[in-house]
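[1] Let me see the structure of the following:
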Amino acid sequence: MKKRKYDSTPTLVGVTKAKVRFSEVDSMKIVWHGSYVKYFEDGREAFGREYPGIGYLDIYASGYMTPIVDLQIQYLNPLTIDDDIIIETKYIQTPAAKICFEYLIRKSDSNIIVARGSSVQVFIDNNGEMCLNNPPFYEKWKEKWKEKWIK
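    Numbers count the residues shown, from 1 in each chain. You can find the predicted model right below:
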C-alpha cells in the first residue's frame, strides 16, 4: 500500500462493528479478499451517520456523486465465519476536492489488526463533470465538524 502524503491535521474517526457472514467466506474458509471492500463501505456509511452531511444520501441530495478513484488494501491476518470485527474509518483532511479515508479492521476479541487501507473519492456534478473545487455543502460540512477533529 502506498503511503499517502496528506498533512497530519486533526481528523474525525468513526467506529462500527460487524460479524463475518457465510456469504463473505471463500472455499478456503476465510473471508474472500473482495469482502474487505464491503467492510470499508460499511465503515464509510457508519461514518456518514456519525458525522452527518457526507453520507451517500446527503451527497446525492446536494447534487453530487462521489465515485471511488483509488482504493488500497493491505491484508494482514485472515478472518473466518462468525468473527466479530471493528471497522475504524478515519477521515483524512485535504484541501483538494475529494474525500479521503483510511481504514483499520480489527478482530473484536483479540484486537488483532486484520487489514488496513485507504480510499479516495472525487466529486462529480449532475452533468457528470468532475469538480475541481470543493462543493459548497462539503465546505460547510468541514467547517461544522472542524471543532471535533481528533488531534
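
[2] Can you pull the phi and psi angles for the residue minimising distance to the centre of the chain?
    Centroid-nearest residue in the chain, with Cα atoms, centre = their mean: Arg44, separated by 4.1 Å. When read as degrees, to the nearest 10, the backbone of Arg44 gives phi -60, psi -40.

[3] Just list the residues touching it, thanks.
    Residues in contact with Arg44 (Cβ atoms under 8 Å, 6 or more residues apart in numbering) are Thr89, Phe101, Ser119. Quick note: C-beta positions are derived from backbone N, CA and C, even for glycine.

[4] Now for the residues you listed, which sits with the most neighbours around it?
    Thr89 (27 neighbours; other Cβ atoms under 10 Å).

[5] residues near Glu147, how many?
    Glu147 is flanked by 7 other residues according to other Cβ under 10 Å.

[6] re earlier: so how far is Ile99 from the residue nearest to the centre of the chain?
    9 Å (Cβ to Cβ, to the nearest Å).

[7] Also Asp58?
    12 Å.

[8] Now do the same for Lys90: its pLDDT.
    For Lys90, the pLDDT comes out at 97.
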